[in-house]
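Trainee: quick check, what structure comes out for this input:
(one chain, ligands or ions: 1)
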Amino acid sequence: MATRILTGIKPTGIPHIGNYFGAIRPSLDLQAQGEAFYFIADYHSMTSLFDPRQRLEFTRGVALDWLACGLDPKRTVLFRQSDVPEVTELTWLLGTLAPMGLLERAHAYKDALAKDRAPSFGLFAYPVLMAADILLYDSNIVPVGRDQKQHVEITRDLAIKFNLTYGETFVVPEPKIRDESAVVPGLDGQKMSKSYGNTIELFGDEKTLRKKIMGLVMDSRTPAEPKPDADKNLAIQLLKLFAPAGIALDFEHRLRDGGLGYGDLKKALFEHYWSYFATARALRAELTANPDYVETVLQDGALRARATASAVLKRARKACGLE
Ligand code: TYM
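Mentor: Predicted structure coming up:
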């Protein structure tokens, strides 16, 4: 059987370059190596976003971004999570086997507790819904950034436990994390995240993005001063994502040796970032002008996703004596 590759993005904001290098690019590179199922996790967005209009808008935006970056909808199944409601039933089946202690150790839940927000049942169950996403499609490989590793491990635990309890039912998946982009830093040097407000969006207005990048805070050393820690510089780290390796290394050497000003470095970073996404930006503009096409792709994706999902759910229902 062909390798199944699956991943999802939560529509809680506008996708950023952390999402791109951590998940979108690696997933698109895997499209040709098996059967790929990529989706927009709108049920998951409900644990933190409570504006229905925004949910619809961000969901559409994520679909446009997937397509603009090169998702081939003839080959890859692109769908909205909520168009396959089978996933909620599987969440229940898995939830009955999910130890409270395992879920209490999940980062998102622990973070919410630490921030003193009263976490909802949905937030607590978030990893179980994610396990259902993955197991419902017999997924073998799940390309994600490092922050999702724990969730894929919980998924593996639940699959193994279900198989032990009710007999061999689910494929046990593997996370696939690219070392060089496992954690893309944001404008403030922390992990780039929609919830930290430190993002560089994939697509957006040129002036705003130039301002964000030129606003990167550097230290107060003069341009002439050698900087032995040049490889730790945030602009250099980001440049390595966009620029050909030789060019990024050349900037790193110039910074280390002294003579390169931070302003010039940030200008170069912006230019490389902007041209990196030029083709995708043009395609996105075309697709935006054609909303019917995007909706057709999602509806066709839902049909294809549902065909697989309903067969796997039936297998799981039979295994545990529901039919
Ligand atoms: P989400 O929407 O937060 O992020 C989508 C993907 O982007 C990766 N990512 C990063 N990678 C590197 N550096 C960063 N700074 C960075 N920020 C985000 C994430 O690791 C992720 O791969 N729970 C998931 C969505 C989801 C899912 C799934 C993923 C739901 N069901 C099933 C895989 C399989 C989430 O919130 O991702």
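
Trainee: so which bits of the chain are right by the ligand?
Mentor: 6-10, 18-19, 22-23, 41, 44, 130, 133-134, 142, 144-145, 147-148, 151, 181, 183-184, 191-193 (Cβ under 6 Å from any ligand atom). The C-beta positions use only the backbone N, C-alpha and C, and glycine is treated the same way.

Trainee: if we use 5 Å, what do you get?
Mentor: 7-10, 18-19, 22-23, 41, 44, 130, 133, 144-145, 147-148, 183-184, 191-192 (Cβ under 5 Å from any ligand atom).

Trainee: ok, of those, which come out buried?
Mentor: 7-10, 18-19, 22-23, 41, 44, 130, 133, 144-145, 147-148, 183-184, 191-192 (16 or more other Cβ atoms under 10 Å).

Trainee: the stretch 101-250 of the chain: helices as residue ranges?
Mentor: Secondary structure of the stretch 101-250 of the chain (DSSP state H, counting those that start in this stretch): helices at 107-114, 121-135, 149-166, 206-214, 234-242, 245-257.

Trainee: could you report the distance from the closest residue to Lys110 other than its chain neighbours to Phe124?
Mentor: Nearest non-adjacent residue to Lys110, counting by Cβ to Cβ, 6 or more residues apart in numbering: Glu104, 7.6 Å away. Taking Cβ to Cβ, to the nearest Å as the measure, Glu104 falls 8 Å from Phe124.

Trainee: of the two, who's got more company?
Mentor: Phe124 (19 against 11; other Cβ atoms under 10 Å).

Trainee: the more buried one touches Arg105, doesn't it?
Mentor: No. With contact defined as Cβ atoms under 8 Å, Phe124 does not reach Arg105; the gap is 11.6 Å.

Trainee: return the helix or strand in the chain with minimum mean pLDDT.
Mentor: Least confident helix or strand of the chain, by mean pLDDT, DSSP states H and E, is helix 107-114 with a mean of 88.

Trainee: quick one: buried residues of it?
Mentor: The neighbour-count check on helix 107-114 (16+ other Cβ under 10 Å) flags 108-109, 112 as buried.
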